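Asker: Sequence first, then the predicted structure, then my questions.
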Amino acid sequence: MGFLSPWFFTGVLALGVPVFVHLLRKHVTVPRPVSSLMFFERGIQSSTRHRRLRYLLLFILRSSLLFLIVLAFADPILQRSSGPDGRLLLLVLDNSFSMHVGSRFEDAKKEAFSIVSMKPAMQQGQVIALGSRLQILTEPTNDTKQLHAAIEAIKLEEGHANFGEFGHAIRSMMQAGEPVDLHLFSDMQRTAMPAAFVDMSLPEQVKLILHDVSKTTVLPNWTVESVDAPSELADPKDPKRSRAKAMIAGFNTPAAEKTVSLLSNGKIIASTKVKLEANGRAMAEFAPLDIGYGFNRCEVRIIESDAFSQDNDSLFVIHRSDPQRVLFVHQDGDSRSPLYFGSALGAATGDAFVVQSVNEKGATDLNPEKYAFVVLSDTSNLPSLFEHSLEQYVSNGGNVFVSLSTGARQHSHIPLWGGSVAAIRSYVGNETPLKIGKLDFTHPALEQAQPKSGDDGWNDVRILYAAVVNPVQARVIAALTDGTPLLLDKRIANGHVLLLTSGLENLSNDLPLHPIFVAFVDRIARYLSGDEQRSGARIVDSFLRLRSESSGKGETGSVEVIDPEGERPLSLKEAQSAQNIRLEKLGFYQIRYASGRSAVVGVNPDRRESDLQPMPKDVQDLWAGNSRTSPLSNSKSIQRDMKNRSSTLWWYVILLALVVALAEFFLASDYMAVQREET
């Protein structure tokens, strides 16, 4: 409470006026005619009675009226604390996987509750959760209860936080230039930093206050960093394929010995001990794999617990089944293409597939329906009966891989494609053979064959010969630097035909001589057989394709998904149309596709969350934009940053004075109307 013009309070002296009016009245006597005074006794008239306050209510009203007028001229003001004018209080809570450690998440919530409690009543706030993606939980509001409820509702997730994506999201949200006080409650994990620090930058109007709930304490942690195991296994006794290798890693750890176990369907089937150096890695290997037919839910687990026990295991699925048969039809005299393809398929999948190689004439009486998929290598003269069987096979949902080589010079007809070779392009005479210029790594045939930096990949493949085909109604997956399509995918009825406009031998290109060829054949086999995603392991927040490329867009079949908690994350409508599903929980997902096939996949956390090292203090200060003020002092200075907002009360005083004046008028009318005789 305060006053803008306190000197006007000298007007309080005017309160003596009502006193004067009520006390200092003259004693007025009215003469009366009397015949004789002899019978009257002499007396003394007291003036005390005339000096007593009469009509007390009227006196109080008159005094109050004068006081209120004086108070209005003094201009009283009401001062109340408020946040910086127009500044939004933005509360961001990190709920990523690493926040499971100890009481980090609970500490973050407590600090957030404290900030909300200190928030001025009129200041607006907003709550956001930061995990693998930014989740806006409330709109800007000054309702403290709503902000408390939003903070309380935040649950821990298993995703990986990325401060680069966080910065990008905040920049997008704050384009209007609204001033913001952003409080980030996080363990400030170093692995959450992007490659470029500039990606973390925030708009100028955003004041960042960091609340490091890790307390800069680096806890030792061991984890199962990766597991290398076959997703498909036909023979558990195969010494080359029937083995699982697990990499055990330590972060900020001393030298130790750890017991590592392999579990299948909840039972320990093997155990081993590994010795790790300080902050080191060690390999734990299990062979052979004693598993049964069907989907085996496997797990590699570190038995001893540590500060972060939630990342002490790694889940994966091995599907055991009998080998699938693949029909490989080649031109007479061609021994190279079946040799290269069969060797690459065996190296990639082991005994999951068995290749039956025949020449064109030997395919006359074969039934394609008995094979997982069919490969046609430069077949220019297929028997008409077999070609008709292939058409029925594709129409019923079967898939065929066709490659064109030098034989396309004599016969331009392309089996099953519905077109012919338009031209032949030979690059043998070029000083520099043509290379691949376009690759679509989103297609399942190349999805996991993307070369890494420094690897011998697609950029090193030389093309000596390619056929020119019409790409209408086909998806171009790969093309040469001159624009000639190299790999195409075309849907025909219920099946697919994958076309390679060069050969599978080392005469028309040198692809079979590169390591990438093994991965390419592996993906081709998985895609064409429909087993590209039936087992194995995924990372949390990755997407699983529910409708494969071999299913039509107009397919109306329902997909059933059961998450690790036994719930169905898809609604009935989504089960009819969803193309993908986001794997948001750790554990095993069960999927039944519209085609009737089943799949089980294990979902694991991003192992970057296992490194609990926080960002260096100077980096945090640089990000916050104030290297001299700690996050703790920033938190404590919130109340000092509050501004006092003044509200004048003179208008309310005037209204009250008007009410008092009206009351005084009606009460005094009776008092002032007639001067009555005093007795």
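Answerer: Yep, that arrived. Numbering: from 1, shown residues only.

Asker: tell me the domain ranges of the chain?
Answerer: Following automatic domain parsing, the chain resolves into domains at 2-79+648-673, 88-218+619-641, 231-316, 324-529, 537-607.

Asker: Which one of the ones you listed lies nearest to Gln613?
Answerer: domain 88-218+619-641 (4.7 Å; CB to CB). For every residue, glycine as well, the C-beta is placed using N, CA and C.

Asker: before we move on, the earlier item: could the domains of the chain go into CSV alongside distance to Glu225, mean neighbour count and mean pLDDT?
Answerer: Listed next are the domains of the chain as CSV, based on distance: least, CB to CB, whole Å; neighbours: other CB atoms under 10 Å; pLDDT from 0 to 100:
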stretch, distance to Glu225, mean neighbour count, mean pLDDT
domain 2-79+648-673, 59, 13, 67
domain 88-218+619-641, 13, 18, 86
domain 231-316, 4, 17, 93
domain 324-529, 18, 19, 87
domain 537-607, 5, 16, 85
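
Asker: Let me see the ranges of the helices in this protein.
Answerer: 16-23, 56-74, 104-118, 144-153, 163-173, 336-349, 384-395, 516-529, 572-577, 617-624, 631-636, 650-673 (DSSP state H).

Asker: And these: which comes nearest Gly495?
Answerer: helix 384-395 (3.8 Å).

Asker: hang on, the earlier thing: relative to Asp187, which of the helices of the chain is closest?
Answerer: Here helix 104-118 is closest among these (CB to CB), at 5.4 Å.

Asker: who touches the residue nearest to Gln613 when sequence neighbours are not counted in this structure?
Answerer: Leaving out its chain neighbours, the residue that sits closest to Gln613 by CB to CB, 6 or more residues apart in numbering is Arg190, at 4.7 Å. By CB atoms under 8 Å, 6 or more residues apart in numbering, the contact set of Arg190 is Asp611, Gln613, Pro614, Met615, Pro616.

Asker: do Ser242 as well
Answerer: Pro230, Leu233, Asp235, Pro236, Ala287, Pro288, Leu289.

Asker: can you redo those residues as JSON lines with distance to Ser337?
Answerer: Shown next, in JSON lines, are the contacts of Ser242 (distance: CB to CB, whole Å):
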{"residue": "Pro230", "distance to Ser337": "26"}
{"residue": "Leu233", "distance to Ser337": "27"}
{"residue": "Asp235", "distance to Ser337": "26"}
{"residue": "Pro236", "distance to Ser337": "32"}
{"residue": "Ala287", "distance to Ser337": "33"}
{"residue": "Pro288", "distance to Ser337": "33"}
{"residue": "Leu289", "distance to Ser337": "33"}
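
Asker: Can you flag which of the residues you listed belong to strands?
Answerer: Among those, the members falling in strands (DSSP state E) are Leu233.

Asker: Need the max-distance pair from the contacts of Ser242.
Answerer: So, the contacts of Ser242 by CB to CB: farthest apart are Asp235 and Ala287, at 12.7 Å.

Asker: still on that earlier bit, how far away is the residue nearest to Gln613 from Val300?
Answerer: 26 Å (CB to CB, to the nearest Å).

Asker: which residue sits closest to Ile268 in space, ignoring its chain neighbours?
Answerer: In space, Ile268 is closest to Ser261, 4.9 Å off (CB to CB, 6+ apart).

Asker: who's in contact with that neighbour?
Answerer: Ile268, Ala270, Ser271, Thr272, Val300, Arg301, Ile303.

Asker: Quick check: bridge partners of it?
Answerer: Ser271, Arg301 (DSSP bridges).

Asker: of the helices of the chain, which approaches Thr364 most closely?
Answerer: So among the helices of the chain, helix 384-395 is nearest, using CB to CB, at 5.6 Å.

Asker: before we move on, back to that, closest one to Val224 among the domains of the chain?
Answerer: Nearest to Val224, of these and by CB to CB, is domain 231-316 at 3.9 Å.
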